[in-house]
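Peer 1: 3D model of this:
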Amino acid sequence: MNKFIPLAFFVLLSLNSNAQIRFEKGYFLNNLGERTNCLIKNVGWKSNPTEFEYKLGESEAPQKATTYGIAEFGIEGGITYRKFKVAIDRSSLQLKYLSKTKEPQFKNETLFLKVLVEGDANLYSYEDSSLKRFFISKSDSNAEQLIYKKYLSASGQIGENLAYKNQIWEQLRCEGLSLADARKTAYNEKHLIRYFHNYNSCMDDTYTIAEKAVAKTGDKIHLGIRVGTNSASLDINNTQTENRDADFGNMIGLRFGAQVELVMPFNRNKWSIYINPMYQSYEGEKALINQIVSVDYASIETSLGLRHYFFLSDHSKIFINAGAIFDTPINSKFDYEIGNDYDIESRIGFNLGMGFRFKDSYGLEVVYAPERQLLGNFAFLESGYTSLAFVLSYNFF
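Peer 2: Modelled structure (predicted):
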């Protein structure tokens with residue numbers, strides 16, 4: 001069984017992504033503005049796409065489209081991308097790559113920009129790995145980058161070009177919006193959407209804000225409880241003498257705890273980070289040649305890990321995860337009738353898990369933790385602890 005878990009983990013990891021990414025109802029406009037209804041492969045783009053796949057019908061073969069022939073495409077009830085030829089500044093915000101010039105270094109590119117707000121003023125975003133830029137357009141005008149840039153001054157200080165604040169103040173003036181509103185607007189999606197929202201509602205009540213796309217792929221936090229059984233084995237080996245070696249065998253025990261999970265806002269919410277503190281215990285006794293040794297081990301195992309989901313339907317999914325184990329023993333030790341006892345001080349370990357989740361509320365998981373050392377403070381002692389857990393979970397939200 002212990003060999004099966006890692007094998008199943010890597011088999012799931014290598015599954016074709018087509019099993020979890022579906023073609024959804026959508027459309028595209030060609031360069032003449034002609035609309036074609038179709039099915040679009042929604043891969044939950046984190047970075048803005050340069051191409052996309054579509055099918056004209058369920059039984060039709062997939063085709064690819066690029067910025068060359070497409071003016072716009074969108075997914076029903078979700079995101080919309082629109083093509084523009086823009087001047088974009090790709091200056092890095094990372095310290096070691098900072099530019100020494102304050103002014104943006106523009107390069108003309110043809111890009112699909114993500115629609116965030118539509119109205120009298122339109123807001124778009126462009127993301128490419130760690131690069132994030134926002135663009136503005138009014139009426140039928142071309143998109144213009146909202147300028148924000150970090151740079152390294154001649155004195156070695158980090159400066160900021162905040163020209164975007166002047167841009168939104170000059171271009172988006174309306175009663176109810178002040179210069180102070182523009183100045184306190186940060187260069188991020190939340191703040192800019194709010195500013196454009198206020199401007200468009202001031203100018204025209206019929207504006208549209210693409211909040212569905214943001215909400216659908218936005219980050220979410222799940223808080224839940226977990227309870228399960230633990231099948232664990234434990235041994236201790238003394239490299240100085242064999243008379244104190246003991247194999248306590250396999251024991252079944254209970255484990256329970258909680259979990260906080262942060263679902264990442266990209267790739268259709270298929271990635272998450274979790275922290276999972278669980279109480280577990282192990283008790284055993286072994287008769288040696290001239291004495292009895294016992295172990296009383298209880299601890300809070302806190303797993304910090306990364307999880308990946310494979311969607312089966314709108315309400316069900318399977319997942320795999322891997323995490324690091326940070327163990328906090330509670331009054332735990334190896335107790336010998338003769339000689340020294342040894343307090344348990346665990347080293348960091350890791351685990352692999354796979355499971356099933358229904359409606360983001362109910363879950364079943366199998367977690368395998370390969371051998372980790374419990375006597376990290378003793379050079380002449382080795383104590384291997386291995387466990388296989390079956391866990392039921394419920395998320396409150």
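Peer 1: going forward, measure contacts between C-alpha atoms and count neighbours the same way
Peer 2: Fine.
Peer 1: pLDDT value on residue 216, please?
Peer 2: Looking at residue 216, its pLDDT reads 47.
Peer 1: in this structure, which helix or strand is least confident?
Peer 2: When each helix and strand of the chain is scored by mean pLDDT, DSSP states H and E, helix 211-217 comes last, with a mean of 46.
Peer 1: so after that one, what's the next helix or strand?
Peer 2: strand 220-238 (DSSP states H and E).
Peer 1: and that following strand, how far out from the chain's middle?
Peer 2: Remark: strand 220-238 is offset 23 Å from the chain centroid, using CA atoms, centre = their mean, to the nearest Å.
Peer 1: extract the C-alpha trace of that strand and format it as PDB.
Peer 2: Extracted C-alpha coordinates of strand 220-238, given in PDB (Å, rounded to 0.1, in the frame of the first residue of the first chain):
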ATOM      1  CA  LYS A 220     -11.000  31.800  -2.200                       C
ATOM      2  CA  ILE A 221     -10.300  30.700   1.300                       C
ATOM      3  CA  HIS A 222     -11.700  27.400   2.700                       C
ATOM      4  CA  LEU A 223     -11.800  26.600   6.400                       C
ATOM      5  CA  GLY A 224     -12.700  23.100   7.500                       C
ATOM      6  CA  ILE A 225     -12.300  20.300  10.000                       C
ATOM      7  CA  ARG A 226     -10.700  16.900   9.400                       C
ATOM      8  CA  VAL A 227     -10.900  13.500  11.200                       C
ATOM      9  CA  GLY A 228      -9.500  10.200  10.300                       C
ATOM     10  CA  THR A 229      -7.500   7.000  11.100                       C
ATOM     11  CA  ASN A 230      -3.800   6.700  11.100                       C
ATOM     12  CA  SER A 231      -1.900   3.500  10.300                       C
ATOM     13  CA  ALA A 232       1.700   4.100  11.600                       C
ATOM     14  CA  SER A 233       4.800   2.100  12.200                       C
ATOM     15  CA  LEU A 234       7.800   3.100  14.400                       C
ATOM     16  CA  ASP A 235      11.200   1.700  15.300                       C
ATOM     17  CA  ILE A 236      14.300   2.800  17.100                       C
ATOM     18  CA  ASN A 237      17.900   1.800  16.400                       C
ATOM     19  CA  ASN A 238      21.000   2.500  18.500                       C
END
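Peer 1: sheet-wise, list the partners of the helix or strand just after it with their directions.
Peer 2: Scanning forward in sequence from strand 220-238 by DSSP H and E, the next helix or strand is strand 246-263. Applying DSSP bridges, strand 246-263 is found paired with strand 220-238 (antiparallel), strand 271-287 (antiparallel).
Peer 1: got CSV for these, with mean pLDDT too?
Peer 2: Output for these, formatted as CSV (pLDDT from 0 to 100):
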stretch, mean pLDDT
strand 220-238, 94
strand 271-287, 95
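Peer 1: any idea which of the ones you listed gets closest to residue 362?
Peer 2: Between residue 362 and the strands paired with strand 246-263, the tightest spacing by CA to CA is seen for strand 220-238, at 9.5 Å.
Peer 1: buried residues in the closest one?
Peer 2: Neighbour-count burial for strand 220-238 flags 222, 224-238 (criterion: 16 or more other CA atoms under 10 Å).
Peer 1: what do you get for stretch 380-387?
Peer 2: Buried, per 16+ other CA under 10 Å, within stretch 380-387: 381, 382, 383, 384, 385, 386, 387.
Peer 1: cool, and stretch 137-145?
Peer 2: Going by 16+ other CA under 10 Å, stretch 137-145 has these buried residues: 137, 138, 143, 144, 145.
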